Each structure stands twice: as C-alpha cells, then as structure tokens.
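1. build the 3D model from these lines:
(2 chains)
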There are 2 protein chains.
Amino acid sequence: MITRLSTLFLRTLREDPADAEVPSHKLLVRAGYVRRAAPGVYSWLPLGLRTLRKIEGIVREEMDAMGAQELLFPALLPREPYEATNRWTEYGDDLFRLQDRKGADMLLGPTHEEMFTAAVKDLYSSYKDFPVTLYQIQTKYRDEARPRAGILRGREFVMKDSYSFDMTDEGLDESYAAHRAAYQRIFDRVGLRYEICKATSGAMGGSASEEFLAYSDNGEDTFVVSTAGDFAANVEAVTTVVPEAQAFEGLPEPVEHDTPASETITALVDWANSAQVLVDGHEVTAADTLKCMVVKVDDPRAVTEGGEPVGPQLTGILIPGDRELDEKRLEASLEPATFELASEEDFAKSGFLVKGYVGPRALAANGVRVLADPRVVDGTSWITGADAQQKHVVGLVAGRDFTVDGFIEAAEIKEGDPSPSGNGTLELARGIELGHIFQLGRKYTEAFDVQILDENGKRAVPTMGSYGIGVSRMMAVVAEQRHDDKGLVWPVAIAPYQVHVAVANKDAAALEAGERLVTEFDAAGLEVLFDDRPKVSPGVKFKDAELLGMPFLVILGRSFADGIVELRIRGGETLEAPADRIVDQVVELVRKQTAPLAG
Amino acid sequence: MITRLSTLFLRTLREDPADAEVPSHKLLVRAGYVRRAAPGVYSWLPLGLRTLRKIEGIVREEMDAMGAQELLFPALLPREPYEATNRWTEYGDDLFRLQDRKGADMLLGPTHEEMFTAAVKDLYSSYKDFPVTLYQIQTKYRDEARPRAGILRGREFVMKDSYSFDMTDEGLDESYAAHRAAYQRIFDRVGLRYEICKATSGAMGGSASEEFLAYSDNGEDTFVVSTAGDFAANVEAVTTVVPEAQAFEGLPEPVEHDTPASETITALVDWANSAQVLVDGHEVTAADTLKCMVVKVDDPRAVTEGGEPVGPQLTGILIPGDRELDEKRLEASLEPATFELASEEDFAKSGFLVKGYVGPRALAANGVRVLADPRVVDGTSWITGADAQQKHVVGLVAGRDFTVDGFIEAAEIKEGDPSPSGNGTLELARGIELGHIFQLGRKYTEAFDVQILDENGKRAVPTMGSYGIGVSRMMAVVAEQRHDDKGLVWPVAIAPYQVHVAVANKDAAALEAGERLVTEFDAAGLEVLFDDRPKVSPGVKFKDAELLGMPFLVILGRSFADGIVELRIRGGETLEAPADRIVDQVVELVRKQTAPLAG
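-> Here you go, the predicted model:
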C-alpha cells in the first residue's frame, strides 16, 4: 500500500510538547503518532494507529499460536462482580466509577479477572472442558494519580489480558510456561531489550509471578540482574542472601556507652571510632550498627475475638545501619497489611521509645513485635540503641541478648549485593513493565464458586493464571529504547510503513519517477510512505523522515538522473544504490529483519 | 484455519434467554455469539468476535477505498469540547457522565464531532489540506432509556463514524456522495436488504440527510417506499403532496349546526350523514372534517426583547379528520422546538377553547398561531368546530372563512398516499437504522472557530459531513434478516467460518477422515469449524450446526465409506457429493458468494 504525505492527516512539530518529559512522549507527539485529549488520555493519529495495530497483530498471532481463544468483554461493567471480590472497594481512587441513568453503579474495567471467571462458570461444568485459556485485546481504564509520559502510563490504554483455567496445579504450571514463552516471542519480535524478573505475588495471593521489564532509564521500576546472568528480579522480590548463624562462644558481653548527640548512624560510627571501639578487631562501619525503625502496621486480616479490626500496631523493623529502609520493599513484604512510620505522637505515647536511641530490647520487653532484616542471624553482634537518652550498647548479640519475632525484606538492595542465585553479584537497572505473568490460584474461582465435576464426579475448583501485556505502552517502550536526537527508529515489525520514499527534486520528472518507484515497492508487497509534497524543501523532507522513523528511507535526488538513489537505513548507514535494484535490495533487508526467530 | 468444537469456548443453549424478544437477540445468545454483561452491555464470545471483526474489515476496506483516513479517538473524553457545542447538556440522560479522582467532569463519547473538528483545527490551516475525510471504528456509549434487543440497541456498541471537511459546498456534496456509494457497497457486501431513506436534518441544522434502513418487522423506524421505486423516506421526512388551491366562486357559505354529543370525528360524520349534509354532492367522510388540535409549543429560539425565553405558546394544528396526529412527525417538524398537548388546565384558562368543538376561527381571533396540514389549501371546504358547545360549522372554506399562519407536516402517513416523487403511491415498512449520512454544514467548525486560509489568503470556515454506521448492530440486523426457526444463516462474507465439518460416525476412522478433510479445506484457504466432539450424537451436532449458521455444512456420515459426503447449504438445499470433490465444490460456492459486486 502507498500513503502520500501530501494528503496524510499529519502535522509534525518542531517543538517538544510542554508537558512531555520522556523521549517517547516528546517524539510520538512531535511525529504525529498520538495526541493528548485529556490528562492520560490520547488520540491515535493514522501513523500511531498503524503501529498500534501491528503490535496488536503480533500479540494476537502469538496468543493464537499457543491455543488461547480471543473474546472481548465490555469496558463498561456492572458493580456486582467486582463487589464479589471486594475490588470495587480495594481499587480505591484508581477505579473510574459512574452511575447510569437509573442510578446503578458501574465501572470502567481496569482488569477483567471477574468477568472471565464468571464466563467460565457460566459456560463450563466438566473437567473435559479444561484446560482453557482466554484472552482479549481491549481498552482498559485506570484513574492514575499521576498519569505521565504520554501513552507510557495512560488512564485509557490498550491491554492484552489473558486468563488460564486448569484443573490441576501442574496444568497451571504448563499454562504459565506457555505464556512465558509466548511473551518472549512477542517482545523478541518487536526487538525489545528486557529481563524476565521474579516478582512478588502481592495481595493476589498466588505463587509464581514474573514481570517482563524493558530496560529504560525512564522506567518507574527498579530491578536487579546477577552479573552471572542467572537471576533477575524486581527489587521487591529480591531475597537477601542470609549469612550463617554464628556460635555465641567467645562473644564479649554487651556494654552500654554514653554516646552524646549520636542519633544518626554517621554520628554513631564517628563516636565508635573516636572511642576506639573495635568490632571483630576492625574499625566500626555503618554495617556494624543496627537501626531500629518503629512503624505502625495495619493488617486487615487481624481482628479481635469479637471480630473487630485490631487496627494499626507498633512494630519494630531492624535494619543494618549501612542500608536505608526501602519503603516499597517493606510495603510488598507486608501486603496486604500497610504501614506508616511512627509519629512524634506515637513516640510520646510510648515512654519506652527513646527517639534516636531505640534498641531491640525495649521493644521486646514492651510487647512490640520485632521484625529483622534476614542478616540479623543468631550470633551477629551489633552496636545499637540502649533505650536511654544519649546511650548506645556495643556488642548486643542476636539470639543471645535479644530475639526477634520474624524476618522481613525491608532493607534496600545495593549494587554488588550477592545474587540470591548464588552466582555473581547484583546490578541495579531501571525498567518499564511490559507484561506480567502470574499464578493466581483459586482466589477468583473460589470467590465466584466455580464448581467443576472432575474425573471422579466430584466437585473441584479450577486454578487460574492471569497474564497481561501493555499493548499501547509497548509502542512507547519501543520508542524509549529506539530513538536518537532526530526522531524515532522503528523496527520493521511495527513501523507504520517499511519504506519511506522522498523525492528531493522539485521537477515533475522526479515526482513521476517517484510515483513509478513507489508503485514498484507496492507491487513487491511493501508498505510505502511517499513524500510527494511538491513545495516542501528536501531538508524539511529529510528532517520529517528522521522524525517519523521508518526503517528505510529511499531518496530520489540529483544522482537519480544517473540511475542512482540514496538509501538511508534509519539508525544505520547511508548507501548509494542503483535505482533499478533498490526495490529488491529493500525487500531483502525487510525480509532479514522479519525472518522467523530462531527456536 | 481450523477451529475445533471440542475446545472452542462455546456452549449453545436450547432455550431462549428470558429477556430476549427479537430473533437476533435470542439466536445470538443461544448460539454463543454474545452474552449479556449488564443491561445493554454485551460480551463478545469467540464466534461473535470473529463476525464482528469481519464486519469491521469490510467497513474499513470500503472507507479506505474512498480515501478516508483511519484514526482512533478515546472513549473517555473531557467535558470541555462538548460544553463548547452545548451537547454536554443537550444530550440529557443519554450521556454517561463521570468524574475523575480530581473531580474533573468527563464523559463516555456518544459520537465524536467535537473531537474530529478540534483535531482538524489543530493540524490544518490551509485550503491545500482540504478536502479530508477521517474515520474511526470505535466503541461508543449511550445510556439508552430502554436498551433492547441485545446488540441491536446497546449502551456500549461499536460504531464507524466518519467526518468530511470541505472548503466548499460542492466539495461537501462530493464527500457525501462518496460516502453514500461506500455505504451501499458495505451493506451490499453483507447481503442486507435496505432502503436509502430521505431523513430529516433535525436539530443538527444541516441540509441533505439520508438513513440506510434495513427491512425488519422488529425495526423501531417506520419508512415509506413508493410503488414506483423512485422514492424512500423516513416517515418524519415525507412531505405531503399538496392539492391545487381551489377558487372560492360557487362555494356555499358556512352554516352552523347543532351537533349534540359529537366530540369525536366518528360521531360528527354520523351526525352529518343522518342530517343528510352533502359535501360536493357526496356523503360526508372523515376526510371532509377538520380536527383542530391544541398544543403548546416551546421554542428555545423564541425570546422576548429582554432576552427572556418566551416559554410554551398555545398553537393550533389543523389536520383532516381521517388522519391521526403523528407525534413523531410533528416533533421532527417543530425541532428544535418541542410540544405537548394542551391540558385541561390550558382549556380552562382560555375560555375561547371549547373542548370537542374547537375551530380555526376562534384560534385566529384570539391570537393563537395556527399551523395546518398542507392539504388545507385555499378553497378547501371543511366541517369543523364552531367554537361553541355542541356546535359545528359546515362549509368553512380555507382562505375565505379562516386563514392559517403556516403549514406543518404533522398528520400520519397512510399506505396508498401519493408519493412525493409524483410516481406511484406509498407503502409503509418497518426498518432498523444501519447508517446515517448527513451534511452537517458549519455548525461544529463555527463552534470551534476553525479558520482556514483560502486560495486568496482569506479566512474561511470548512463545511462538514457526519456519517455513521452501527457496526455491532449490523451483525444483529443480518441475524434479523437471515435466520430460520433452527438458527442463524450467515452470508459467507461475515460468517465466523465458511465451512462447518461434522463427523457423524463415532468411530476413530471417521474422525481421522474428518481431520484429513479439514486439513484440505484449510489448505484451500477456507476457515473451518470442525465438530470433532467424540461423544456427541449426530443429531445434536446437526442441531448445533444449524443454530450456529455457517453457510456450508459438510457431514461425514454412513456413506463416507462409499466416498460420499453430504453438503447442506444453510438455508438452502442438501446435496450428496463425492468426498474427493467436496473441497473444490465448496471453494467454488464460497467464491461465487464473495465475488466482487458489479459496478
């Protein structure tokens, strides 16, 4: 097919839009792919829609290939199914809620576990119908607090969501593995650089969970990869490599010291070294100190005997002094419970909490639950608060001088930490979530009371997986990874057009030659964007071509009279080529880039 | 491609859903094409989604072929553009409104004139950019008061809407004609029986307007066609054939009569005939009488000198006694004014209105505006109310004894009325609106102040056309027109699969033969639905096949051992065919049904 720039509904912009911070947002707006309609809500102009449809096509092909069946649920949904799973409330402000003319509560679907589960319950009743995997490519709505970065995090966006239903846990493992492989093919086909990261299961209550994170400095997610290449995880899902417990024998007894004005770790280390305190015979570092953070944890599952919620409870979090508390990791570890830092008022109310000098002993003595970083194993010796103004204790040994109620992943991950895989150390990277695969288990099938007759005629509840890909986001992620200061650099697989032909001479003969050439490209099965604008200068045409980012730009310039055209590979080299060979040459280059993937 | 019924996410139902009234609704639910999620909101199951996508594909092909450019606007829209055109308010309860987490007013788009107009204003500034036609295939929302008939009138539905922008009125005529031709191709390709009906322009204020109405006894619209085949129109758009005015000479003077208990036309005619009143020498019929209906008309455009709205005004509507008032026609004629019938209170307040005996003379004498049916031309003589209890007047002549302030189309259209085209008479039919094409004019471009530089460097406002097709509705309309008591009867163009293959023998050899056959169909490029369910009886398989409605059903039954298969053409004949010829035979039948249309 041939599209002419002289008539295409497009206006490129030389200036970045005022509200754009990241390259994909700036470039997709400047190049006329998308346009803002409201905060976090975008219109798709012709070029953007073509790329979106190509991404959808790749996702659809791979989902179909794995045997998933496509259907399409509404975006406008009734409240009741989301009430059944409590998500009507749990979603909070992220959910777009509305009422119809009769006052019935409705919502704009943020994800469709409820609808798919209800559909399976409606249609299926025997184990013979299983396993089944269903998917849709559909417009979703989430009222993000801070919609940002254009289509990278919109409030109306296109998602592929799929759901597997299996009668056995082994079946779920297989469905999960099939999705994992399909997702790899999808992201490989669009040429993304990404890691499959271990993720937390969170409140969903399932087991295995992995995120596909695309490398991007503008990503909101931090993840780690092992230098040995055998481990990647979202920071929330990294488990600390636990040192071995030490014997107590020979460890000195704890000694309390006056440590004036040493509320901070730095001040404490300075004091220790000026007081010539040694730990294991070496100078004290922050890693030898133990921070006792006090938070209030509110666990919705904790109720009194009378069934009343227990409400927020003081909790101590022990963390080696060389690390900060990572609130996101703590949040993930506590989920579904939530936390906030203890306030001045909390300190005032609990006399045993001496701000700046809190230690594990007073917490335990006063019935406060204490959760420690996994490094605080038995036999480790710490400099920590002595629960009295201006006093610290040196040589307080875990398991001997204090005990904890449990361990928790709450400390920050640092570059160079040992990899949980046992090989190499961790490197930190920023990423954008492309997809998430998740073994949900029976939470939803139980909520909807899905009863299936098994081989023995007994009722059984199928187990579910939930899998998502941000389809419209993927376009922005590709733009984040593939651009230069001149514009977008699309891979062939999702470029709106494979070839861009520009006539750089203004005479009618050149334009006619261009017409002949694009007809040949079209006949060869390529999609061609033809810059046939008669009164636009070659310079502007080239600038536009670079901004729009088609993989191959063919220019009919001065040498065309001598049978030579210029071929600029976007993001690559520039060649001269014989005009009568150029179609074959580009066809070959396109073929190479879209060749079936190995495996 | 091959899809197997053994794994397809489908459950056919033997019973009609309780809420279904029309065949398309019953059958599409029973056959597992769609499923209700909320009132007027439907989920698309795999078969339904395939047909929907095929319809979208046909619409897209024809829109692209006419040079329209596809883009995609959001469904979730900000209030402001709809405020600019007053539709935020005018849409009333039909609009889904909501607020985001920051309290900003938003809506779910019911139609997108505003967004397209704003986009053209944003991108284009010179006459050289015009004409341009833009379209989208998109999910729309209208909070219908009575969502009915499944996907025939849903609250969430798929629509193709397009908008043409031209610098001249002649250009608009061309864009309109191009749409009209494209719509004909679209509806012809899916095999619909329809009429292109003249429609009213309504409040949109434009000029030419036509509706594509599909024949259906379950339609909500009534339309007329001329027996001469040269005229079709929505009843609201039919103009009365006006008789010639008559000379007054020789017409008898009006005479008042006591007409006790003759408030109704029937009673009045009975009185006239028992009193041996003759009109033009013949017995009196209802057509000789004139009804004076009193209504209150509220015209939002009517304001006092001080700018206050005038409010509802008494208005007399004169209609020949053999016709009822058609409230929809009156409504369309008055638009944007609205009306209601005068109440008892109105009669009580206006002493000159004698209920059951109102005549045109008292109305005019008391300053009430009088609008007459176009048949009430000068020189026509009527039996009508004498504005006094129990009294009528005979021989009251229009133009001589009373005058009117104007004419109005408010009387019902009757089968046999003369066609406005001058040829034939009108027949009445019921229909469902498939599409609407409409010359909008400059209403929206003016509201958004779209200023374009013309060839002389002067600012000009482009003129618009607005065109819509109910894409999801089209599927229901085809089902309405094409079904029998056993199920759906899809045309090849939009059937989910072209061929349905059923193995009627339960032995493994038959199933294997079926596998070979569907592989051959697939290799020949056909889409095959394969009923490979091993434990389902032939009877149930045939029933399901009829319900699902693929165009061609191939059965491997007893004669298959002798090289014979059965071919059942859905809605047509049943043939026996040699197994080794069946693929070619079906390919040929499919080719015939999808051959390019003449012209």
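
2. leaving out chain neighbours, which residue sits closest to the residue in the stretch 451-599 of chain A that chain B sits nearest to?
-> Chain B sits closest to A:Lys535 of the stretch 451-599 of chain A, with a gap of 8.8 Å, by Cβ to the nearest Cβ. C-betas here are computed from N, CA, C, even on glycine. In this structure, A:Lys535 finds its nearest non-sequential neighbour in A:Lys506, 7.8 Å apart by Cβ to Cβ, 6 or more residues apart in numbering or on different chains.

3. shouldn't the one you found be within a strand?
-> No. Counting by DSSP: H, G, I helix; E, B strand; the rest coil, A:Lys506 falls outside a strand, being coil.

4. on the three-state scheme, the spatially most central residue of chain A is what?
-> The residue lying closest to the centre of chain A (Cα atoms, centre = their mean) is A:Glu433, at 2.3 Å. Three-state call for A:Glu433 (three-state DSSP): strand.

5. contacts only, for it.
-> Neighbouring residues of A:Glu433 by Cβ atoms under 8 Å, 6 or more residues apart in numbering or on different chains: A:211-214, A:221, A:470.

6. most proximal residue of the stretch 151-300 of chain A with respect to chain B?
-> A:Glu156 (4.8 Å).

7. beta partners of that residue?
-> Beta-bridge partners of A:Glu156, counted by DSSP bridges, are A:Tyr141.

8. equivalent analysis for A:Leu278, please.
-> Going by DSSP bridges, A:Leu278 forms beta bridges with A:Glu283.

9. ok, it touching A:Pro252?
-> No. A:Leu278 is not in contact with A:Pro252 according to Cβ atoms under 8 Å; the separation is 10.3 Å.

10. check contacts around A:His112.
-> Each residue near A:His112 by Cβ under 8 Å, 6+ apart is listed here: A:73, A:136, A:138, A:161, A:163.

11. swap the cut-off to 7 Å and go again
-> By Cβ atoms under 7 Å, 6 or more residues apart in numbering or on different chains, A:His112 lies in contact with A:73, A:161.

12. what's the neighbour count on the residue nearest to A:Lys535?
-> A:Lys506 has 12 neighbouring residues, counting by other Cβ atoms under 10 Å in any protein chain shown.

13. what does the pLDDT read for it?
-> pLDDT for A:Lys506: 77.

14. again with A:Leu597
-> For A:Leu597, the predicted pLDDT is 53.

15. try A:Glu220
-> Among the per-residue scores, A:Glu220 holds a pLDDT of 87.

16. nearest residue to it other than its sequence neighbours?
-> A:Ile432 (7.0 Å).

17. gap between that neighbour and chain B?
-> 22 Å (Cβ to the nearest Cβ, to the nearest Å).

18. list the contacts of that residue.
-> Contact analysis of A:Ile432 by Cβ under 7 Å, 6+ apart lists A:152, A:213-214, A:216, A:219, A:221, A:477, A:480.

19. please name the bridge partners of it.
-> A:Ala214.

20. how about the helix or strand harbouring A:Leu52: buried residues?
-> Secondary structure from DSSP states H and E places A:Leu52 in helix A:46-65. Burial within helix A:46-65, assessed by neighbour count using 16 or more other Cβ atoms under 10 Å in any protein chain shown, is assigned to A:46-56, A:58-60, A:62-63.

21. can you check stretch A:444-463 too?
-> A:444-445, A:447-448, A:450, A:452, A:460-463.

22. quick one: which of those sit in helices?
-> The helices, defined by DSSP state H, take in A:444-445, A:447 from the buried residues of stretch A:444-463.

23. quick one: which of those is nearest A:Leu517?
-> Closest approach between those and A:Leu517, by Cβ to Cβ: A:Tyr444, at 55.8 Å.

24. what about the nearest residue to that closest one once chain neighbours are set aside, how many residues nearby?
-> Sequence neighbours aside, A:Thr117 is the residue nearest to A:Tyr444 in space, at 4.5 Å (criterion: Cβ to Cβ, 6+ apart). Residues near A:Thr117, counting by other Cβ under 10 Å, number 27.

25. ditto for A:Tyr176
-> For A:Tyr176, the count of nearby residues is 23 (other Cβ under 10 Å).

26. ok, it - contacts?
-> Applying Cβ under 7 Å, 6+ apart, the residues near A:Tyr176 are A:208, A:437, A:439, A:465.

27. what do you get for A:Asp522?
-> A:Asp522 neighbours (Cβ under 7 Å, 6+ apart): A:1-2, A:528.

28. circling back to that earlier point, and the residue of the stretch 451-599 of chain A closest to chain B, how many neighbours?
-> So A:Lys535, with other Cβ under 10 Å, has 8 neighbours.

29. tell me how far it lies from A:Ser125.
-> With distances taken as Cβ to Cβ, to the nearest Å, A:Lys535 is found 68 Å from A:Ser125.

30. same question, A:Val461
-> According to Cβ to Cβ, A:Val461 and A:Ser125 sit 13 Å apart.

31. where do the helices sit along the stretch 251-400 of chain A?
-> Using DSSP state H, counting those that start in this stretch, the helices of the stretch 251-400 of chain A run over A:265-274, A:327-334, A:344-349, A:360-365.

32. most packed of those?
-> helix A:360-365 (a mean of 20; mean count of other Cβ atoms under 10 Å in any protein chain shown).

33. packing partners for the helix or strand of chain A with the lowest mean pLDDT?
-> For chain A, counting by mean pLDDT, DSSP states H and E, strand A:278-279 ranks last in confidence among helices and strands (a mean of 77). For strand A:278-279, there is no helix or strand it packs on, judged by 3 or more Cβ pairs under 7 Å, 6 or more residues apart in numbering or on different chains; DSSP states H and E.

34. who's in contact with it?
-> Contacting residues not belonging to strand A:278-279 are listed as A:288, A:381 [Cβ under 7 Å, 6+ apart].

35. how close does A:Val536 get to B:Tyr194?
-> In this view, A:Val536 and B:Tyr194 are 45 Å apart by Cβ to Cβ.

36. which one of the two has more residues nearby?
-> For A:Val536 versus B:Tyr194, neighbours defined as other Cβ under 10 Å are more numerous around B:Tyr194 (23 against 16).

37. so the more buried one makes contact with B:Ser216?
-> No. The criterion here is Cβ atoms under 7 Å, and B:Tyr194 misses it with B:Ser216 at 9.5 Å.

38. got the angle for whichever strand or helix holds A:Val478 vs helix A:46-65?
-> Assigned by DSSP H and E, A:Val478 belongs to helix A:471-481. Orientation check (axes from the mean of the first three to the mean of the last three Cα atoms, to 10 degrees): helix A:471-481 against helix A:46-65 gives 110 degrees.

39. with just CA atoms, put helix A:471-481 into PDB.
-> Written as PDB, here are the backbone C-alpha positions of helix A:471-481 (Å, rounded to 0.1, in the frame of the first residue of the first chain):
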ATOM      1  CA  VAL A 471      -0.100  -3.200  24.200                       C
ATOM      2  CA  SER A 472      -0.300   0.600  23.800                       C
ATOM      3  CA  ARG A 473       2.500   1.100  26.300                       C
ATOM      4  CA  MET A 474       4.700  -1.300  24.300                       C
ATOM      5  CA  MET A 475       4.700   1.300  21.500                       C
ATOM      6  CA  ALA A 476       6.100   3.900  23.900                       C
ATOM      7  CA  VAL A 477       8.700   1.500  25.300                       C
ATOM      8  CA  VAL A 478      10.000   0.700  21.800                       C
ATOM      9  CA  ALA A 479      10.200   4.400  21.200                       C
ATOM     10  CA  GLU A 480      12.100   4.800  24.500                       C
ATOM     11  CA  GLN A 481      14.600   2.100  23.500                       C
END
